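Visitor: What would the 3D arrangement of this be:
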Amino acid sequence: MKIYIKVKSLAKRNRYIEQVLFKFSTRPSSLRELITAIVIKNVDDYNAGEGPKQILGFLSASDIQSKASSGKVGFSHKYENKKQELQQSINISITAFEDGLYKVFIGEEEIEDLNTPIQLEDENVITFLRVTMLTGRMW
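Guide: Numbering: from 1, shown residues only. I've put the predicted structure just below:
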């Protein structure tokens with residue numbers, strides 16, 4: 001089964017990234033299973049050191065401008081060989097959803113409960129919307 005995943009953020013100028021193809025060996029039946037499957041894949045990829053490989057790294061002017069708006073300009077290097085712990089990563093992702101730090105949409109429909117049964121079809125688009133808290137002084 002193939003689906004597309006998008007991540008959007010209300011706080012960034014580029015409010016989305018392109019759709020990323022994600023393949024499931026089994027069809028998740030709830031939002032909890034969906035999040036868990038995505039975290040497992042991401043942690044496995046991170047721990048294996050997979051990602052874009054470049055012989056000579058460089059930042060274009062648009063990369064620098066984009067990174068400057070987030071407050072940190074730099075390369076996406078891993079400076080430590082520290083592995084991420086899978087169960088802890090799953091727990092953090094589930095807790096973040098429960099705390100309202102991100103929302104999940106399948107197509108146009110928001111999924112509000114982790115145990116809600118979901119019906120995924122091939123090539124569905126799943127959107128993760130990061131909700132950023134506003135900070136500042138109270139008057």
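
Visitor: Please work out which helix or strand belonging to this structure has the smallest mean pLDDT.
Guide: When the helices and strands of the chain are compared on mean pLDDT, DSSP states H and E, helix 61-70 comes out lowest with a mean of 68.

Visitor: Identify all contacting residues around the helix or strand that comes right after that one.
Guide: Next helix or strand after helix 61-70 toward the C-terminus (DSSP states H and E): helix 86-98. Contacts with helix 86-98, where a contact means Cβ atoms under 8 Å, 6 or more residues apart in numbering, come from 31-32, 35-36, 39-40, 42-43, 102, 104, 114. For every residue, glycine as well, the C-beta is placed using N, CA and C.

Visitor: let's see 6 Å
Guide: With Cβ atoms under 6 Å, 6 or more residues apart in numbering as the test, helix 86-98 has contacts from 35-36, 39, 43.

Visitor: Surely M1 touches S25?
Guide: No - taking contacts as Cβ atoms under 6 Å, M1 lies outside contact range of S25: 8.1 Å.

Visitor: residue boundaries of the strands in the chain?
Guide: For the chain, the strands defined by DSSP state E cover 2-9, 20-23, 102-106, 109-111, 125-130.
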